[in-house]
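> dropping the sequence and predicted coords here.
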Protein chains: 2
Amino acid sequence: MSLRHALLGLLAQGPASGYDLLKVFEISLANVWPATQSQVYAELARLADADLVKVAAGGPRGRKEYSIAERGLAELRHWLTEVEPARTGRSEMLLRVFFLGQTHPDQARGYLRREAEVAERQRERLAALKQVVEREESDLSVYGRLALEWGLRFSAMQREWAEWAGGQIGGGVGPEPADPSGPVALSDPAGPQGDRGHPS
Amino acid sequence: MSLRHALLGLLAQGPASGYDLLKVFEISLANVWPATQSQVYAELARLADADLVKVAAGGPRGRKEYSIAERGLAELRHWLTEVEPARTGRSEMLLRVFFLGQTHPDQARGYLRREAEVAERQRERLAALKQVVEREESDLSVYGRLALEWGLRFSAMQREWAEWAGGQIGGGVGPEPADPSGPVALSDPAGPQGDRGHPS
DNA sequence: TTTATCATGTAAGGAGTTACATGATTCG
DNA sequence: CGAATCATGTAACTCCTTACATGATAAA
């Protein structure tokens, strides 16, 4: 139920319409908590229904201005300080890594190289944003900067890991004979496979 | 649709029942792609229906043994090499960071300190697992190791960031007067807020 | 006047979670 | 015999995505 809290958090910084909030999701929260138009409008309606926000209808073109209510602020603070964050990460990127043995080493290396490149582009984008933010003496709060720094560190880590990982694969760099049907092909009858690593 | 590919990936390593696969999800893929019992059984049925896997019914107690079909293997390889990974990360942890200005600096620091501790425990757990894996001369494929290493690097990064971030907050370490209703309280009428950082 | 932007909603479906429900077999 | 484990499924609900649908106002 974190979309709810994202909306409360934004409304705690000042009143806004669904449309306004949507913009913030696109520009600013896109990489932390993406949300679609459908979702935002629906959740705002629920929030108003639960008296966590107040609505002032009647702006220019059907515009509704939402502002946080006492109960909403209380809920936000409760969530921030007393609710244990869910850490159920899903990573399509890592899921693929587990099964990369099903491809040629060359393809596995290619996959990791592309990941390294994507991470590097991301890092550069954030580094540029950081420059802008620092130069402009900031609209951006301390906390926004912390998130930005997380992104920088994450993308640097990701790039370094992907480069290292690419180097770990096989010895052969040129084309090698394909191994017949997988990496180790554990098809023992005694149930499937032993333990595997579990990161994050 | 990655649960589908996770199942195909596991079945590519050898036949298994839904129950077997569930175990793998609990032990091994839990941190990369968690899945529940409901989900696994339902998806296996769909997979069989689409002829991506074959079923051999009739084990001891209603046990059904699934094995990957040609089409399934083709789909798996296609996904691994030709489908661009979705990078839509959601992070409850970072979402909170954005709104930490709604609490006392002390509480914000507390939050980040707890995150650092959680990350450190995670790191230790993975480091221990790495030792085991290295000592046992490994059932764990090269690729499992790559994922494990990712987890180690990620949790180290997370811990370092959280410690650094805690230090960035306020100057005051003792109790400070609460600021009335938020950090900067951008309640300007000219639409909501400027740009904010967007990490990963 | 046409186009872009502002502004809000609904509907259908996929994916995930939690809870319920049932029964067979093995081990102590 | 009773408990643990093996083994499979269904139902209800929440959350998210994609697509459809509509209309007002501001700027060129």
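Looks like it came in fine.

> quick one: contacts for A:Y19?
A:R63 (C-beta atoms under 8 Å, 6 or more residues apart in numbering or on different chains). Every residue, glycine included, has its C-beta placed from N, CA and C.

> touching DNA strand C at all, whichever strand or helix holds it?
Per DSSP states H and E: A:Y19 is located in helix A:18-27. Yes. Using C-beta under 7 Å from any atom of the strand, helix A:18-27 comes into contact with DNA strand C via A:G18, A:Y19, A:D20, A:L22.

> please, a PyMOL command that selects the buried ones among those residues?
To isolate the buried subset of those in PyMOL, counting by 16 or more other C-beta atoms under 10 Å in any protein chain shown, use the following:
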select buried, chain A and resi 18+19+20+22
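
> flag the shaky bits of chain A, pLDDT-wise.
Residue ranges of chain A with pLDDT under 70: A:137-140, A:171-200.

> can you give me the domain assignment for it?
A:2-82, A:92-168 (automatic domain parsing).

> and which of the residues of helix A:18-27 next to DNA strand C is nearest to chain B?
Of all the residues of helix A:18-27 next to DNA strand C, A:D20 has the smallest distance to chain B: 4.5 Å, by C-beta to the nearest C-beta.

> can you show me the strands along chain A?
A:53-57, A:64-68 (DSSP state E).

> just name the most buried of the ones you listed.
Of all these, strand A:64-68 has the most neighbours on average by mean count of other C-beta atoms under 10 Å in any protein chain shown, namely a mean of 19.

> okay, the angle between that strand and helix A:18-27?
Using axes from the mean of the first three to the mean of the last three C-alpha atoms, to 10 degrees, the direction of strand A:64-68 lies 70 degrees away from that of helix A:18-27.

> how far does strand A:64-68 sit from its chain's centre?
Strand A:64-68 has its C-alpha centroid displaced from the chain centroid by 27 Å (C-alpha atoms, centre = their mean, to the nearest Å).

> residues from chain A in reach of DNA strand C?
Applying C-beta under 7 Å from any atom of the strand, we find that chain A lies next to DNA strand C at A:17-20, A:22, A:37-38, A:41-42, A:44-45, A:59-64, A:88, A:90.

> can you rerun that using 6 Å?
Contact residues (C-beta under 6 Å from any atom of the strand) of chain A with DNA strand C: A:17-19, A:37-38, A:41-42, A:45, A:59-64, A:88.

> tell me which of those is nearest to chain B?
Minimum separation from chain B among the residues of chain A next to DNA strand C (C-beta to the nearest C-beta) is found for A:T88, which lies at 5.8 Å.

> how many neighbours does that closest one have?
11 (other C-beta atoms under 10 Å in any protein chain shown).

> I'd say it and B:P34 touch.
Yes. Using C-beta atoms under 8 Å, A:T88 makes contact with B:P34 at a distance of 5.8 Å.

> helices along chain A, start to end?
Using DSSP state H, the helices found in chain A span residues A:2-11, A:18-27, A:37-49, A:70-82, A:92-99, A:105-135, A:142-168.

> possible to save those as CSV with distance to B:A156?
Putting the helices of chain A into CSV (distance: least, C-beta to C-beta, whole Å) gives the following:
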stretch, distance to B:A156
helix A:2-11, 26
helix A:18-27, 31
helix A:37-49, 34
helix A:70-82, 26
helix A:92-99, 16
helix A:105-135, 16
helix A:142-168, 8
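
> out of the strands of chain A, which gets nearest to DNA strand D?
Among these, strand A:64-68 comes nearest to DNA strand D, with 12.3 Å by C-beta to the nearest atom of the strand.

> counting contacts, what elements does the closest one pack onto?
Judged by 3 or more C-beta pairs under 8 Å, 6 or more residues apart in numbering or on different chains; DSSP states H and E, strand A:64-68 is in contact with helix A:2-11, helix A:18-27, helix A:37-49, strand A:53-57.

> please repeat the previous calculation with a cut-off of 7 Å.
Judged by 3 or more C-beta pairs under 7 Å, 6 or more residues apart in numbering or on different chains; DSSP states H and E, strand A:64-68 is in contact with helix A:2-11, strand A:53-57.

> ok and the last one relative to helix A:70-82, angle-wise?
In other words, strand A:53-57. Angle of strand A:53-57 versus helix A:70-82, following the same axes, to 10 degrees, is 140 degrees.

> name the residues that touch strand A:53-57?
For strand A:53-57, the external contacting residues (C-beta atoms under 7 Å, 6 or more residues apart in numbering or on different chains) are A:L11, A:L47, A:A48, A:K64, A:E65, A:Y66, A:S67, A:I68, A:A69, A:G72.

> apart from its chain neighbours, what residue comes closest to the fifth one?
This means A:E65. Leaving aside its sequence neighbours, A:E65 sits nearest to A:A56 (C-beta to C-beta, 6 or more residues apart in numbering or on different chains; 4.5 Å).
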